[in-house]
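Student: test case, fold it:
(2 chains)
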Amino acid sequence: MTRFRRQLLIGSFLLSLVSVLAVMVHWRFNRTLPNYAYLTGWVLFAAMTLLAVYNARKKIPFLPLGSSEAWMQIHVYAGFFTVVPFLIHLNFHVPAGWFEGTLAWLYVLVTASGIAGLILSRVLPRRLSTRGGEVIYEKIPAIRHDLRLQAEALALGAETKSPVIAEFYARQLSVFFAGPKNFWRHLLESRQPLNAVIVELEELRRYLNDQERAVLEKLAQLARRKDGLDYHHALQTALKLWLFIHVPLTYSLMIFSLVHIVLVYAFSGGAR
Amino acid sequence: MSEQLPAPDFDSQNYERPNQKWICGHAAEGKPCRPGPSARGRCQATFECAPVLEKKEGEPKGRWRCTRPGGACETGPLPDGTCCRPIPKCSPLPTLRTRRGQFTLAVVTATVAALLILLGSPPLRTKFINPGELSTPHSSDAFAKRARSNQVDQTCGACHKAGALGPSGMTAAAFHASPGPLEIIKLAQARTAEMTAIDESCQRCHTGHVFHQPNVVRDISCSFCHAEHNGAGPIAATTDAHCGFCHGEADVMAAASLKGTTFPPDVFHVARGQNVFQAARPPGGFTNILARFAEHPEFRVHADKLRDSNTLKFNHALHVAGETIPKLPGGRGLDCAFCHQPEAAGVYFQRIRFENHCQVCHSLQFDPETPGLTLPHGNPEFVSAFLHSLPRQYADLAARSGMTRTEEQQRFAREKLERLQARVTTGEDLERRVFFSTATDGPETRLGSVSGGTHSLYPGCAYCHEVKSGAQHKAEITRPILFERWLPRGEFTHAKHSGVACAQCHPAATSKDTGDIILPTQRSCVSCHSASGGVSDSCATCHTYHKSPSARR
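Tutor: Residues are numbered from 1 along each chain as shown, chains lettered A, B, ... in the order given. Got it, this is the predicted structure:
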């Protein structure tokens, strides 16, 4: 059994155990425990705070607060667990008010984006490793620029002297090499965009002499590299982009939660 | 591999640091400047090197030496010591991490701004923080009017003091609440359903926290049972769990039972302005611990085999199923609905009245030959006076029959009296018969407006009433008390049971004695009011928690 599978097994078991315990506690005490909604709210808020602190933990790696991997595991399983106190706190009802509805939707969006991020971070790296080498995301623009320069040198350079290739490059390939392309198709693992470029290059072959064909072959190789680079760009962007939803909405969720706490106490039976 | 990335000839020595906030604008071209942008995202590019002035001994000026990394440039520094190769300026770009931070900051700012706007504006705040629509009674114009008259806010502030406050006021209110946000231990130790400050708001309109029994051992917060903000319509119904909060706890019930012994029995009586049948309170009070209606004890009228104390003699079986009962005018047979007619609301039945329900058969015709002359009902004194003025009564009857001449009327009266005197010996004998006779038959088959096979001569008051001989042998009739409410602690709506035949619940066909209380048994009710019966069996289906206003003492 791999370490990952062992972690998954233990984590899932603990998550199930704690969730079942929480539901049992709910059934036993929901009608008898005083201020039950307040207590479940605090449990939920504590769990959400623990989840939110993970981001802060990443910013202070020098403190001996456990490994980042351990924190990540806690973040994932605690995140799943919060669904139970969330539903209990809502008493399994959809909130009717605007404020509480917004708060609930924020929770749903944060949780859903977290789950989406977890799935992406499990699936996409495996896909990335099957195509090309390791590409640092921050270097992609420079690599793209380099590929573009190489392609332009081949197609438009003085050595080639092929008006057909130069015209084809200017008409078809320049746009392809100019920037990131086919984001969604790469996410969907479609090879159609690359095949389309290759087919066009192949169709051009019949009009070229041997020297030009050699250049065309190099251009095709560069196109494949560019497509691979776009693939990396698309998948790595997706890997990073979900955080643009998860992190900002987490802050909004925490702000709304704090206001919610103030409101429920201000409007509680004991408010004076 | 043809797609090997990056290309082998790509300069990978230029290490990228994703944690940096800004990257050089030339990085996308693969030519970032070495100094890179400042921490605040400003281009720091100046020259490729910072020339160093080298002086040898004896040289007054010295020489500027190029310090360019990777080797000195061909041209070398300018005479004034400036590098000859300026780095083109760029517009530094934020890293993805910085962009995320900026976006997060924008979202946070928007969130805070939206909250401040929505919480700061009273009309917006009221709509925004309302956790759910109020019940109809608490959102009606009548409530607003009541709130105005009680000098309270007509919005959230009518119930919540913080409802009239802004963000800072609400924050202060939150921290002054008991328990407050920082009092988790106190929160956990609080007693369920205990009275809180908000109950004072309820009591501004609902004056007095009136409980259903005086021996309740703990005060219950209004909001424990009556949860608001659950939508329009009546306020959320009280559930069995609310009742079980006390009635499911043995120690609470024991304490209530003990407390009940300290009160005189009459404080537990329920008075509703009607004739209410009062069963004696059981020694332990009504403090049973129930989980379901099926466990409800038998109604006290049956459990204690109580009898109707009404002195009126009435045979339900005879009237409902008796073969000798004549048809009513119009050919209608006598049934339950003839006497038991629902009130306008359909909850209870109208009071049984002699004139409306009995007189059609029991016309009080004392002279078999004179259907038109009947005794008055309701007062023995009037009856006695009537009998003492019989000549006048017969003459009046003659006048009503169309005899206009006085002589004719007097002759009619005289003839009637002569025939009557043939049946009775004296006037006293007639009066005694009228009051005390219980005879059940006579020579006539037609009385009043009904005709049947039975001989139902007016037998005398004692046929139906308890008649006693009082002072100077005057007849005294015990006034009958027809109870209108038999289960004073249980609400019942006949209208909701209109689909059920009367006989299914009330065994009238077998009851021959007025003392029989022909209420349905608990088992009879459970047959429908249970999970298997499919009809609600919650406590609140029959019982109300609060005393009715008339029952408050």
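
Student: low pLDDT regions in chain A?
Tutor: A:132, A:271-272 (pLDDT under 70).

Student: stretch B:276-283 spans what distance, first to last residue?
Tutor: Its start and end residues considered, stretch B:276-283 measures 20 Å (Cα to Cα, to the nearest Å).

Student: so for it, what gets flagged as buried?
Tutor: Across stretch B:276-283, burial judged by 16 or more other Cβ atoms under 10 Å in any protein chain shown covers B:276-279, B:281. In short, each C-beta sits where N, CA and C put it, glycine included.

Student: which of the residues you listed lies closest to chain A?
Tutor: residue B:281 (29.6 Å; Cβ to the nearest Cβ).

Student: hang on, that closest one packs against residue B:268?
Tutor: Yes: checked against Cβ atoms under 8 Å, the pair residue B:281 and residue B:268 is within contact range at 5.1 Å.

Student: before we move on, back to that, got TSV for the buried residues of stretch B:276-283, with distance to residue A:267, secondary structure and pLDDT too?
Tutor: Conversion of these to TSV gives the following (distance: Cβ to Cβ, whole Å; DSSP: H, G, I helix; E, B strand; the rest coil; pLDDT from 0 to 100):
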residue	distance to residue A:267	secondary structure	pLDDT
B:276	42	strand	83
B:277	46	coil	85
B:278	44	coil	81
B:279	45	coil	81
B:281	42	coil	80
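
Student: near chain B, which residues of the stretch 51-200 of chain A show up?
Tutor: A:95-100, A:131-133, A:135-139, A:141-147, A:150 (Cβ under 8 Å from any Cβ of the partner chain).

Student: give me that answer again for 6 Å
Tutor: Counting by Cβ under 6 Å from any Cβ of the partner chain, the stretch 51-200 of chain A comes close to chain B at A:96-100, A:132-133, A:135-136, A:138-139, A:141-143, A:145-146.

Student: so who does residue 181 touch?
Tutor: Defaulting to chain A. residue A:230 (Cβ atoms under 6 Å, 6 or more residues apart in numbering or on different chains).

Student: that answer is for a different chain, and I need it for chain B
Tutor: Residue B:181 sits next to A:261, A:265, B:174 when contact means Cβ under 6 Å, 6+ apart.

Student: check residue B:44 too.
Tutor: B:35, B:38.

Student: give me the helices and strands touching the host helix or strand of residue A:115, please.
Tutor: Per DSSP states H and E: residue A:115 is located in helix A:98-129. The helices and strands touching helix A:98-129, judged by 3 or more Cβ pairs under 6 Å, 6 or more residues apart in numbering or on different chains; DSSP states H and E, are helix A:210-241, helix A:243-266, helix B:122-129.

Student: export these to TSV and tack on distance to residue B:257 and mean neighbour count?
Tutor: Converted to TSV, these look like this (distance: least, Cβ to Cβ, whole Å; neighbours: other Cβ atoms under 10 Å in any protein chain shown):
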stretch	distance to residue B:257	mean neighbour count
helix A:210-241	68	19
helix A:243-266	38	21
helix B:122-129	44	16
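
Student: which of those helices sits closest to residue B:289?
Tutor: Residue B:289 lies closest to helix A:243-266 among the helices and strands packed on helix A:98-129, at 33.5 Å (Cβ to Cβ).
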